[in-house]
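Novice: What follows is a protein structure lacking sequence information:
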């Protein structure tokens, strides 16, 4: 009895230690992440803003590259123009809508979040939520089926039952034969 | 165990998925080719503000000075094969239709080599080859590459954009502008 | 001569496919074993035809036989030999021929591997399915995709276009990337063929899965490596440090990889529990269909892409084939629905089965996002007649959370036992891996890394890596060197490769530094803790092109970003130069060379950490797949208790049985 109490006590201690170490780990990770995020604050420099906007504007002559990546003349022109506009004090939104005014909606690499086009952002999230829910329902159904119908899992068809009976009777005969 | 339950559900799923797939395939089959698709062009039909530019001859040029004429803004690059193919046509077009038309060429990339080309191959109209003005032209008219020719009607409205050199002949231009 | 040989080869392959398929069908219908054996042997004819044809094409290219249109359009006298050989698959017709050759290769391998069992209708139907696919591809080659047309008169004496697209002559990987990629794509025909065979014969137990497990695995490995080779190639030639652009053709190659990865995981649930039959059949048919869809996207011009071949008439045919495959697969699965009922139930979401289901869910969402992004512009245009672009920002934003969740899953799943796990068990087993995650992020923050997304990637990467290492340590402790082979252990090594790639992705994307600078001759600048000195320009010629390169000293190492101007086509291609170390890569690209107007050289500098680890992770992935294909000699011992540690042994190979 004393040994089991001792083991229960040591098991209790062990699991306490485990909880403690998980808690410590959580603190370590959380604080690292916090440092990593907070230390990163600071408004974007002009050069960075320029690069950001440039990488969201599609190069008109290329297939899918942004003006930040392409080296063709029009891409360089637009890059220089973006830098000039930032110097002139325009906001990101103003600069982007200027280019949309010339080239149309398809100059932006990032589809807008409004209207019909906004669906491209929403549909995957909805689909993911739907799929997860359905999977959850499936799990619940399986759980309940397992819980309530253990007998039905052992339900056998008549033909199978006959086979089992025949086998049983033949084996019992062989046992008594011995 | 319900025999028809799982059986039906697979069948229903198959029908639904089959229908979706058919819709998907129809969409792909009826989509236009996007290869070489040019960005939708918002400039046609607008009246851009005229602006001052300096030509290689150090003259001032502004589209606003040429109201009443058809102004053809032609973007040119020396390495661009299509540009070189259509250039003689433009020369001919210019010669035949003075003074109703005013041609102006803008260097897209490397102004020096464009200047050189025009010196050797003719083109007796203003050429804008300095970076700053060329960029302004490019962005005002929504240029996407070369060769491109923007046609501005006598009222100052952008009437059309010709992208690529296909079909750009003196006759075709005259017909399009009603200048026969 | 080449034309005759080539055309003969194609006709032979097509005829052999038709005859073999017919023989097999009649053999099955009339239960004639002799016919089945003959049919299997006839598959050899398909391979011979394909090989003859391919050799004829290469011979035409190497001997500069410009009577062949393909050589006249794509070849030239000035290309070096390796690129002459790879010219075969640099244009449409040749690429279809390569596909046909690889397909014929897989066909004869299957026919040979199963030669003793060809009388089994399942095997016969699998061969018939593969032969049907052969009929399609070789049929294409007799019509719209014929590489052996000879219509250009007079016969040119020099290549009409100066060789293949200069972008395809610039880098050695052109020789490897397409063939390896095709080995992956075409490889998935094998499990697909067996799935169709299982559906047709009604033998829907686990037999076909076991037969084709290694084939699926190898196809997956080739596809993974092929995609990584493509990324490496992009990185080397683009000049701004990019290696993945979410380009429609790149996405099209990723789609079957995603469903293929889901398949090789959920297949294990079917092996152990007999469940998810409909799902697995759909996955494998879907994977194959997606390879055809990818081929369609690349060759039809429906989506705009740097990688697309020039438009041709085979787009509609490929789409039609895709439609046929879909109808057949969906129809068969719907028809056989009753036989696919499985007796098993999943006990608990917190179990290995649950983890595999979660894996499938995540990969399905990933694939859905990709497909939607690719197709959405087409939908908008059909509805509104207005063009929009769905570009990099969309794909990055949407796939990032999925990627993070996958890393988390890779951390937790290997310690989960089958059937049911308790929180206690998880807390016990995940301790060391979790501490590795903590260590990873602490080290990163100490080194100066900032930003939530990459740091989260480091935590999860360390966590997942720790989990995989834990499995390997346990396995080697128990079985010695055998702890590295077998499905589970090899799988852990593959996971390590994927984790390394994932972490390298996060780091190289988040911490890249890029600047474009106009250097005066002799000028030095300091950027990203390195010094860059522009010393001057150098000019020389290579066969078929003029090279203009800049000499830049980067901390004492010379780099030569250059521009190569191809003489015949006039096209100028940038050739960036990269310094790769384990820690970081420095890539230089020549944006603008000095000219009459200015003596400044505009050079783009891109500095990214951990790029080399992308390729190292790929090697580890390949090695892991190779190791996992070997069975460990020990068999599973008796019954497994519910919460036993994950078995590192192979299950007893089951004899395929009817349902």
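Specialist: It's in. Computed from a predicted structure; not experimentally measured.
Novice: Give me the nearest residue to the closest residue to chain B within the stretch 351-500 of chain C, chain neighbours excluded.
Specialist: Here the residue of the stretch 351-500 of chain C nearest chain B is residue C:378; by CB to the nearest CB that distance is 4.5 Å. (C-beta placed from N, C-alpha, C; glycine too.) Distances taken as CB to CB, 6 or more residues apart in numbering or on different chains place residue B:31 nearest to residue C:378, at 4.5 Å, with adjacent residues excluded.
Novice: Spell out which parts of chain C neighbour chain B.
Specialist: C:278, C:296, C:300-304, C:308, C:310-311, C:316, C:319, C:322-323, C:326-327, C:330-331, C:333-334, C:337-338, C:340-341, C:375, C:377-379, C:381-382, C:386-387, C:570, C:572, C:595-597 (CB under 8 Å from any CB of the partner chain).
Novice: List buried members of those by neighbour count.
Specialist: Buried by 16 or more other CB atoms under 10 Å in any protein chain shown: C:278, C:296, C:300-304, C:308, C:319, C:322-323, C:326, C:330, C:333-334, C:337, C:340-341, C:375, C:377-379, C:381, C:387, C:572, out of the residues of chain C next to chain B.
Novice: Identify, by residue count, the longest helix of chain B.
Specialist: Ranked by residue count and defined by DSSP state H, the top helix of chain B is helix B:4-30.
Novice: What's the first helix or strand after it?
Specialist: strand B:52-54 (DSSP states H and E).
Novice: What's the mean pLDDT across that next one?
Specialist: Strand B:52-54 shows a mean pLDDT of 87 in the predicted model.
Novice: Which residue ranges make up each domain of chain B?
Specialist: Taking automatic domain parsing as the reference, chain B has its domains at B:1-34, B:52-177.
Novice: and residue 135, what element?
Specialist: All of this is about chain A. helix A:119-148.
Novice: my question was about chain C
Specialist: helix C:121-142.
Novice: how big is the angle separating the next helix or strand after that helix from helix C:121-142?
Specialist: Counting by DSSP H and E, the next helix or strand C-terminal to helix C:121-142 is helix C:177-187. On the basis of axes from the mean of the first three to the mean of the last three CA atoms, to 10 degrees, helix C:177-187 is oriented at 140 degrees to helix C:121-142.
Novice: Show me how far helix C:177-187 is from its chain's centre.
Specialist: Relative to the centre of its chain, helix C:177-187 is centred 7 Å away, using CA atoms, centre = their mean, to the nearest Å.
Novice: repeat for stretch A:158-167
Specialist: 51 Å.
Novice: Let me see the mean pLDDT of that stretch.
Specialist: Across stretch A:158-167, the per-residue pLDDT values average to 79.
Novice: How about that stretch and chain C, any contact?
Specialist: No - residues of stretch A:158-167 are not located near chain C by CB under 8 Å from any CB, the shortest gap being 13.2 Å.
Novice: For chain B, tell me whether that stretch is touching it.
Specialist: No - contact of stretch A:158-167 with chain B is not found when judged by CB under 8 Å from any CB; the minimum separation is 13.3 Å.
Novice: in the lengthiest strand in chain C, what counts as buried?
Specialist: Criterion DSSP state E: the longest strand present in chain C is strand C:530-542. Of all the residues in strand C:530-542, those buried under the rule 16+ other CB under 10 Å are C:532, C:533, C:534, C:535, C:537.
Novice: And stretch C:612-625, by the same measure?
Specialist: Result for stretch C:612-625 [16+ other CB under 10 Å]: buried residues C:612, C:613, C:614, C:615, C:617, C:618, C:620, C:621, C:622, C:623, C:624, C:625.
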